[in-house]
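In: Mind folding the following:
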Amino acid sequence: MRLVFLSNGSFAVLYDENYYIRDLYYPLLGQHHHHSFGGKFKIGIWHDGKFSWLENIGNKEILLDGSKAVLHAQWDGLDITMEDTVLIPQPALVKHVLIRGPGFVRVIFYHDFRLDGYEVGDTAFYDPSLDAVFHYKGATWFGMASTNPLYEYTTGRRDLNVVLPDCEDGILSKNPIAQGSVASAISIASPEFYYFIVAGDSYDRVLRLIIDLRDRKRLETYFVRSINYWGNVASEFADDKLAAQSIVVLLGHVGANGSIPASLDTSIIKFNLDTYGYLWPRDAAFVTMALDIAGYFTFTKKFYSLVFKLFSGEGFLFQKYNPSGTWGSTWHPFTVRSRKSLNIQEDETATVIYAFWHYFRRTRDYDLLREVYDVITRAANFMVNFRDEKLKLPLESYDLWEERLGVHTYTAASVYAGLLAASNLAKVLGEYESASKWEAAAMEVREAIRNYLFDKERGVFYRYVKVDDGKIVEVDRTVDASIMGVFLFGVFDAWEPMLESSVKVIMNRLWVKPIGGVARYEGDYYQRVPGDYSNIPGNPWIITTLWVAQYYIARGDITKAKELMAWVNRVKTPTNLLPEQVDPFRGLPTSVTPLLWSHAEYLRTYIMMKSQGIV
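Out: Predicted coordinates for the structure are as follows:
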């Protein structure tokens, strides 16, 4: 489980329940990871001849407040406190260590780097001129040092496991250099000091930053400034700790180039040898919509400046992208490309256009609009043309869950919203012919949703249908929370009878007993944990639960909305991070933590409540 997320947008770290670094990124969050998957940057305490790793100390507490992480622990008569933050704007993680108690102590830091995502050709060495340990490969450099002199150091082959055992007697062997698959460790013999990891693209850049941070007074100024910065950024939401932490988490994921990865938690790699460290345009668009509602336009503009460069010449977006803007890995086969289907998720294209209209409406950013309008035109025309000629529904693409090819209710709802948003943007520029064309298409999609995607017999929208030459040839009656898209994208208001009956079916069929929360859909197998699922539709998800909460807010049923928000607060981590989904038996976070979309939906729900004077 990840309990700590610290970031300045170009340097990010995630800690586990032992206060160990498990994920480390620089300079592109999600793409440039430098940690060993499954490995740990460990911390050990030596006290009067005894030694323990933090993982073996049971009496410890981890807190996260904005951008400051804190560890409190007791061991062997010692009170141990560590305070951590990532500096702004320097690419540096700083840790303040304070240990109270009698006797002599040494703190040992073990570094488990795998630079640039692979473990070939790394070098680790001790530099006596700086009293620091470096790891480097090509243009990727990290340096580890302290405001105090290093007591000892060592480097060695990680694949041979020589460094970790060397730490456990409290004495390091001082091997000065190692090459290949390498690890390192340093020890500091003091009860109080600052330790830091700094990053850069050359030895000289890291050297200069180490020298700068060695000035303790200057370092303390940077440390406090960085903590205060994020505290002030989220101060408007201080009355709700989870909302305030969501602001810091969301903004900390906005990369310097505008990329917004879905999650930086790499624990998911054990399931499919891949991660969530990609830019999914849909997920990022929901993040920016939440941030725009909260007023953080300067951050979200970076995303819009990037994402409109990613559209294809045909006017649509790929499934996901590396933070650099190149295509990410995919499992959508190119063999499905035909006159009636594409191996994309069309809702991503539509949602970005929809989100940009909401951004523009709040910012009046004509400068960016003129840069991206040609792309918006391509995207809108693609959505108009990528429809069945008779039914006017979108043609087949993959669903937002990335599992099924079909004409999905959720996707159709997003296309309605995307076309209407494009029409509104065209009106801003006086292009009324395009505006009329796109608005008319949006209305046709809306009516098609009403006429073809609602199961009158059961009173709930279909998950998806299959269309062939103007005829519906197959329907999927699985109850799926994604049909809430007709509400989220404004196809129908909260009082529409079709939506009202659909929500009743969702709560009846997808509410997870006894733990609570709304599952994605009936029979969801993704990320199941050991246990009897015979009466459980699947793991409850944060975003699906909050969609229903938003629906209740729109209807004025504040009691039910508060109950769902209270459930989210019950299943968050003790450090106010939200996972993707929850173990239905124990209520513990499952899958990646934090998931940005979860935090975005919580922030959005909280702001909806606050706008009505409820919180």
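In: Point to the helix or strand of this structure where mean pLDDT is at its lowest.
Out: Using mean pLDDT, DSSP states H and E, helix 269-272 stands out as the lowest-scoring helix or strand of the chain, at a mean of 77.
In: list the buried ones in it?
Out: By neighbour count on 16 or more other C-beta atoms under 10 Å, the buried set for helix 269-272 is empty. C-beta: built from backbone N, CA, C; applies to glycine.
In: what's the answer for stretch 343-361, then?
Out: Within stretch 343-361, judged by 16+ other C-beta under 10 Å, the buried ones are 343-360.
In: Likewise for stretch 519-528?
Out: Within stretch 519-528, the residues that count as buried by 16+ other C-beta under 10 Å are Ala519, Arg520, Tyr521, Asp524, Tyr526, Gln527.
In: In the stretch 501-615 of the chain, where is pLDDT below threshold?
Out: 614-615 (pLDDT under 70).
In: Where do the strands of it begin and end?
Out: Counting by DSSP state E, counting those that start in this stretch, the stretch 501-615 of the chain has these strands, from start to end: 518-519, 540-541, 581-582, 589-590.
In: who wins for proximity to Val307 among those?
Out: Of all the strands of the stretch 501-615 of the chain, strand 540-541 sits nearest to Val307, with 24.5 Å by C-beta to C-beta.
In: can you give me the offset of that closest one from its chain's centre?
Out: Mean C-alpha position of strand 540-541 versus that of the full chain (C-alpha atoms, centre = their mean, to the nearest Å) differs by 16 Å.
In: and it, what other elements does it pack with?
Out: Contacts of strand 540-541 with other secondary structure elements, assessed using 3 or more C-beta pairs under 8 Å, 6 or more residues apart in numbering; DSSP states H and E, are made with strand 518-519, strand 581-582.
In: Please identify the most buried of those strands.
Out: Comparing the helices and strands packed on strand 540-541 on average neighbours per residue, with mean count of other C-beta atoms under 10 Å, the densest one is strand 581-582 at a mean of 29.
In: residues in contact with that strand?
Out: Residues outside strand 581-582 that contact it (C-beta atoms under 8 Å, 6 or more residues apart in numbering): Ile515, Gly517, Gln527, Asn539, Pro540, Trp541, Ile542, Val571, Leu588, Pro589, Thr590, Ser591.
In: From the chain's centroid, how far away is that strand?
Out: Relative to the mean C-alpha coordinate of its chain, strand 581-582 is positioned 14 Å out (C-alpha atoms, centre = their mean).
In: before we move on, back to that, quick check, nearest of the buried residues of stretch 519-528 to Ser226?
Out: Checking those against Ser226 with C-beta to C-beta, the nearest one is Gln527 at 34.4 Å.
In: I'd assumed Val592 was in contact with that closest one.
Out: No: the pair Gln527 and Val592 fails to qualify as a contact (C-beta atoms under 8 Å) at a distance of 9.4 Å.
In: Residues in contact with both of the two, list them for me.
Out: Jointly contacting Gln527 and Val592 under the rule C-beta under 8 Å, 6+ apart are Glu580.
In: mean confidence for stretch 49-58?
Out: Looking at stretch 49-58 alone, the average pLDDT works out to 96.
In: so what's Tyr118 scoring on pLDDT?
Out: Tyr118 is assigned 89 on the pLDDT scale.
In: measure it to Val518 for me?
Out: With distances taken as C-beta to C-beta, to the nearest Å, Tyr118 is found 40 Å from Val518.
In: Next: Ser434.
Out: For Ser434, the distance to Val518 under the criterion C-beta to C-beta works out to 39 Å.
In: for the stretch 151-300 of the chain, what spans make up the helices?
Out: Taking DSSP state H, counting those that start in this stretch as the test, the helices found in the stretch 151-300 of the chain are 163-167, 203-214, 216-233, 241-252, 269-272, 281-294, 297-307.
In: just checking, what packs against the second one?
Out: Packing partners of helix 203-214 (3+ C-beta pairs under 8 Å, 6+ apart): strand 92-100, strand 132-137, strand 140-146, strand 192-200, helix 216-233.
In: and with 7 Å instead?
Out: Other helices and strands packing on helix 203-214, by 3 or more C-beta pairs under 7 Å, 6 or more residues apart in numbering; DSSP states H and E, are strand 140-146, strand 192-200.
In: same question for the longest one, mean pLDDT?
Out: Going back to what we said before, that points to strand 192-200. Across strand 192-200, the average pLDDT comes to 98.
In: Next, the buried residues of that strand.
Out: Going by neighbour count (16+ other C-beta under 10 Å), the buried part of strand 192-200 is Phe193, Tyr194, Tyr195, Phe196, Ile197, Val198, Ala199, Gly200.
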